[in-house]
Structure formats: structure tokens, C-alpha cells
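**Q** Here is my input; please provide its structure:
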Amino acid sequence: MPNMTTAEYLAYQQRRQPLTRQPQPVEDQPETELQEAIEDWLKSLGRECYYIRARMDKPTTCRVGVPDFFGVHHGRAFAIECKRKGRKATPEQVGNLLWAQLAGVTAGVAYTLEQARALVLGHFP
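**A** Have a look, this model is predicted:
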């Protein structure tokens, strides 16, 4: 049996508990709530997943169009741009997603938590 630190064990227990935040129906879910739901899910993956969330609601040094999430899950890179249902990605966002795809990154726009999970896990409908 592998040895675990107390922090690793607590993180393991936390991952096994269901998420407490219940997402709103997709039709009226603000983009920030979708981003928070995705971030909660990514956090629940623990050490299996490393990600960076680009927040454009605060002062930042990121260039325009950077996807909301960049990360690596089990050695495979992903980029996710979150959008509210009925909204489209800007030309800058589309361009950045295309550059990411050319570099071998699994990248796309997610309108729901399930679509974001599919991008990260590589299960495309």
C-alpha cells in the first residue's frame, strides 16, 4: 500500500465526495457560474490534473482571446473556452483555440459542464 501524507489523504477523501454546488439550468446559467462549476470539477481531480484559469473580469496580463482554462490531464493538454448558451466565441478566441489545436492541444468551446468534461477526458460526442 502506498504511503500518503495527511494532505494527500484529505484531498483523496475530498475527491470522493460529490460536488456541493448545483449548476443552474443551461439556459439561464451565467458564464461565470459555468466557469466556477468547471473549476470545481477540475479541482476534484486533484493531482491528476493541472490547470490555469484565465480570469478576464480582473486586471490581467493575458492577451485578448486566451481560453478560460488551460491544463494537462494525464499528460494530455486541454484548452476550454466557456460560453453561455446562444453566445459565440470572438474571432480572437477562435484564433487562440485553433493555434492550440495546431500545437496538439485538445481545445474547444464548452457550453455545459458535460462538454468541458468531454474535452478534458477526450470523450467527444
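
**Q** Just give me the longest helix of the chain.
**A** In the chain, assigned by DSSP state H, the helix with the most residues is helix 31-44.

**Q** Report the distance from it to the chain centre.
**A** Computed by Cα atoms, centre = their mean, to the nearest Å, the chain-centroid distance of helix 31-44 equals 7 Å.

**Q** What residues sit buried inside that helix?
**A** By neighbour count on 16 or more other Cβ atoms under 10 Å, the buried set for helix 31-44 is L34, Q35, A37, I38, E39, W41, L42, S44. The C-beta positions use only the backbone N, C-alpha and C, and glycine is treated the same way.

**Q** for those, which one is nearest G65?
**A** Within the buried residues of helix 31-44, proximity to G65 (Cβ to Cβ) peaks at Q35, which comes in at 15.8 Å.

**Q** where's the closest one relative to H73, distance?
**A** Remark: distance between Q35 and H73 (Cβ to Cβ, to the nearest Å) = 17 Å.

**Q** what bridges to the nearest residue to T106 once chain neighbours are set aside?
**A** The shortest distance from T106 to any residue other than its chain neighbours is 4.7 Å, reached at F78 (Cβ to Cβ, 6 or more residues apart in numbering). F78 has these beta-bridge partners by DSSP bridges: G71, T106.

**Q** who touches F78 in this structure?
**A** Neighbour list for F78: F69, F70, G71, V72, V105, T106, A107, L119, V120 [criterion: Cβ atoms under 8 Å, 6 or more residues apart in numbering].

**Q** thought the second one was touching A79?
**A** Yes - distance between F70 and A79: 5.2 Å, which falls inside the contact criterion (Cβ atoms under 8 Å).

**Q** between these two, who's got more neighbours?
**A** A79 (24 against 19; other Cβ atoms under 10 Å).

**Q** just to revisit the earlier point, among the contacts of F78, which one lies nearest to M56?
**A** Checking the contacts of F78 against M56 by Cβ to Cβ gives F69 as the nearest, at 12.3 Å.

**Q** Starting from L121, give me the distance back to I52.
**A** When I52 is compared with L121 (using Cβ to Cβ), they lie 18 Å apart.

**Q** Nice, that's everything, thank you.
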